[in-house]
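Visitor: show me how the following folds:
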Amino acid sequence: MKRPVHTAAITLLAVGLMAFFLRNASLERVWSELLGARRDLFAGAVLCTVVVYLVRVVRWRYLLRPIGPTRFRTAFRATIIGFALNSLVPGRVGEVVRPFVLARSERLSAAAAFATIVVERLLDLLVVCLIFGGIVVLSGPQQSAAGTALLATMRTGAALAGLVGMGALALAFALAADPRRAGRLAERLTSWAPAGVARRLAGQVGRFLEGAAAACRPRPLAVALLWTFVLWGATAMSLWYVSRAFGIQLDAAGASVMLGLIVVGGAVPTPGGIGSFHAAYQLGATVLYGATDDQAVGAALVLHLLSFGPVSALGLVFMAQDGLRLAGMRSLAEGEAAAAASQSGAAAVPLPAAPEDRRLP
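Guide: Just a heads-up that it's a prediction; the model follows:
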C-alpha cells in the first residue's frame, strides 16, 4: 500500500475508534471525573511507567550480551527513541529503528540486534498470556452475559497466542542449540531467489537468525524472562493506580485482565494505539468492572497520556540531539536502509553520527 493511502487508512481507523470510544460519554461529566480523580495515585502510575522503561533497557541489554557489549545510556536512548516513534508514526516504526540506532552507536550487527526485538516481543506475548490467561481461566462467571462472553473469547485468544509464542521460542532454542541450523534455514528460506540476490538475503536472514539464537541462550533468556514479569507487573500496577484514581473498583487480578485487553488493542497499528487503546480499556472497564462510560473515558485518556506522553517528548529531544528526523526514520523502517545494510552491514545505515558516540567513554 502506498504511503499516502496507508497513512489515510490508519488516520481514518484512529478517528473511527476514537468516535466509538466517545460515543456514550458526556464531555462535561468526563471533565468532572478528571477534576475529581486522585492526583496522588497518578504519581504512583508515573513511577510505575518510569520503572517499565528502565526495565525494558535492562532486559534488552541482557538479550544483547551474546551479540556484543552495550552501554546503558546508549540502549536507553535507543529505547526511548523507538517507543517515541511507535507513539508518533503509524506501523510500529520504532521497533525497526531502535536496533538500527543502537547498532550504529555500538557497532553491532543491525540484523542481530533486530532479532533481539523479536525475542522481546515473544517474551512479552508469552508472559502476558501467562498472567492474563491464568487470571481469566480462574475468573468466575460475570454478572452480565456480555461479560461472560468477553471472558470466554479472551480465554481462547490467550491460549492461541501463548501457543504461538511458545512455538517461536522453541524454534529459537533449537537454533541456539546448533548455530549451523541458522545458516541452513537461511539458505532454505532464500532458495527461491536468483543466486546473487539469494546470497545477500541469506546473509541477512542468517545474521537475524543467529541473533535470535544468541538471545535465546539459556542464561540471558532466563534473566530476560524474569525481567519481563517485572515489566508487565509494573505496567499492570500503573493501570491499577489510574483506574483506582477514578474510583473504578479494580483489584490486582482485574488489572491483569485489563492489561491483556489493552495489549490486544495495542496490536491495531495506530500511532501509540490511539483509539484502540482507549476502546479496549473502556470495553473492559464498563463490561467487566461496572465503570460508567465517563469514568472509563477519563481513566483511559489519563492512562494513555501517562504511558505515551513523557516517552514521546523525551524521544523527540533525543532525536533532535542526534540529528534524526521523523521522515528519515519512517523511510528506514520501510526498508530503504535495510536494503543497504544487506550489502554492507550495519555501517550502511544512513543515520548521522550520534553526538553521544563522541562523549561516552
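Visitor: low-confidence ranges in the chain?
Guide: When residues are selected by pLDDT under 70, those of the chain lie in 1-3, 133, 136-152, 154-155, 157-159, 161-162, 165, 168-169, 171-216, 326-361.
Visitor: residues in contact with stretch 278-296?
Guide: With C-beta atoms under 8 Å, 6 or more residues apart in numbering as the test, stretch 278-296 has contacts from 17-18, 20-21, 24-26, 29-30, 32-33, 142, 144, 146-147, 150-151, 243, 246-250, 254, 257-258, 261-262, 264-266, 297, 299-301, 303-304. Just so you know, the C-beta spots here come from the backbone N, C-alpha and C atoms, and that holds for glycine as well.
Visitor: what about 6 Å?
Guide: 17, 20-21, 24-25, 29-30, 33, 146-147, 150, 246, 248, 250, 254, 258, 261-262, 265, 300 (C-beta atoms under 6 Å, 6 or more residues apart in numbering).
Visitor: same check on stretch 228-236?
Guide: With contact meaning C-beta under 6 Å, 6+ apart, stretch 228-236 is reached by 48, 51-52, 55, 123, 127-128, 255-256, 259.
Visitor: what subset of the contacts of stretch 278-296 is buried?
Guide: Neighbour counting over these (16 or more other C-beta atoms under 10 Å) leaves 17, 21, 25, 30, 33, 147, 150, 246, 248, 250, 254, 258, 261-262, 265, 300 as the buried ones.
Visitor: which ones among the residues you listed lie within helices?
Guide: Counting by DSSP state H, the buried ones among the contacts of stretch 278-296 place 17, 21, 30, 33, 147, 150, 254, 258, 261-262, 265, 300 in helices.
Visitor: which one among those gets closest to residue 68?
Guide: residue 262 (33.9 Å; C-beta to C-beta).
Visitor: give me the nearest residue to that closest one, chain neighbours excluded.
Guide: The shortest distance from residue 262 to any non-neighbouring residue, by C-beta to C-beta, 6 or more residues apart in numbering, is to residue 280 (5.1 Å).
Visitor: what is the neighbour count of that neighbour?
Guide: The tally of other residues near residue 280 (other C-beta atoms under 10 Å) stands at 24.
Visitor: so which helix or strand takes in it?
Guide: For residue 280, the host element (DSSP states H and E) is helix 276-289.
Visitor: quick check: residue 303 touching residue 242?
Guide: Yes - Residue 303 lies in contact with residue 242 (C-beta atoms under 6 Å); the separation is 4.4 Å.
Visitor: who's more crowded, the two?
Guide: Counted by other C-beta under 10 Å, residue 303 and residue 242 do not tie: residue 242 has more neighbours, with 31 against 25.
Visitor: wait, what's in contact with the more buried one?
Guide: 45, 299, 302-303.
Visitor: closest to residue 96 out of those residues?
Guide: For those, the residue nearest residue 96 by C-beta to C-beta is residue 303; the value is 26.2 Å.
Visitor: which strand or helix spans the closest one?
Guide: Going by DSSP H and E, residue 303 is part of helix 293-322.
Visitor: for that helix, which positions count as buried?
Guide: When burial is assessed from 16+ other C-beta under 10 Å, helix 293-322 yields the following buried residues: 293-304, 306-308, 310-312, 314-316, 318-319, 322.
Visitor: next, the angle helix 276-289 makes with it.
Guide: Per axes from the mean of the first three to the mean of the last three C-alpha atoms, to 10 degrees, the angle that helix 293-322 makes with helix 276-289 is 150 degrees.
Visitor: out of the contacts of residue 242, which comes closest to residue 170?
Guide: Among the contacts of residue 242, and counting by C-beta to C-beta, the member closest to residue 170 is residue 303, at 34.3 Å.
Visitor: just give me the neighbour total for residue 4.
Guide: For residue 4, the count of nearby residues is 8 (other C-beta under 10 Å).
Visitor: list the residues that contact it.
Guide: By C-beta under 6 Å, 6+ apart, residue 4 has no neighbours at all.
Visitor: what of residue 38?
Guide: Neighbour list for residue 38: residue 245 [criterion: C-beta under 6 Å, 6+ apart].
Visitor: return the distance of it relative to residue 166.
Guide: 40 Å (C-beta to C-beta, to the nearest Å).
Visitor: with residue 270 instead?
Guide: Applying C-beta to C-beta, the value for residue 270 to residue 166 is 28 Å.
Visitor: between these two, which one's more packed in?
Guide: Neighbour comparison, residue 270 and residue 166: the larger count goes to residue 270, with 21 against 14 (by other C-beta under 10 Å).
Visitor: the more buried one reaches residue 14, doesn't it?
Guide: Yes - here residue 270 reaches residue 14: they are 4.2 Å apart, a contact under C-beta under 6 Å.
Visitor: what residues do those two have in common as contacts?
Guide: With contacts defined as C-beta under 6 Å, 6+ apart, no residue is adjacent to both residue 270 and residue 14.
Visitor: backbone torsions only: list them for residue 37.
Guide: Main-chain torsions, residue 37, degrees, to the nearest 10: phi -70, psi 150.
Visitor: burial count for it?
Guide: Using other C-beta under 10 Å, residue 37 has 19 neighbouring residues.
Visitor: what do you get for the one 10 residues further on?
Guide: Residue 47 sits with 14 neighbouring residues when counted by other C-beta under 10 Å.
Visitor: how near is it to residue 41?
Guide: Applying C-beta to C-beta, the value for residue 47 to residue 41 is 11 Å.
Visitor: what do you get for residue 289?
Guide: Residue 289 is 16 Å from residue 41, by C-beta to C-beta.
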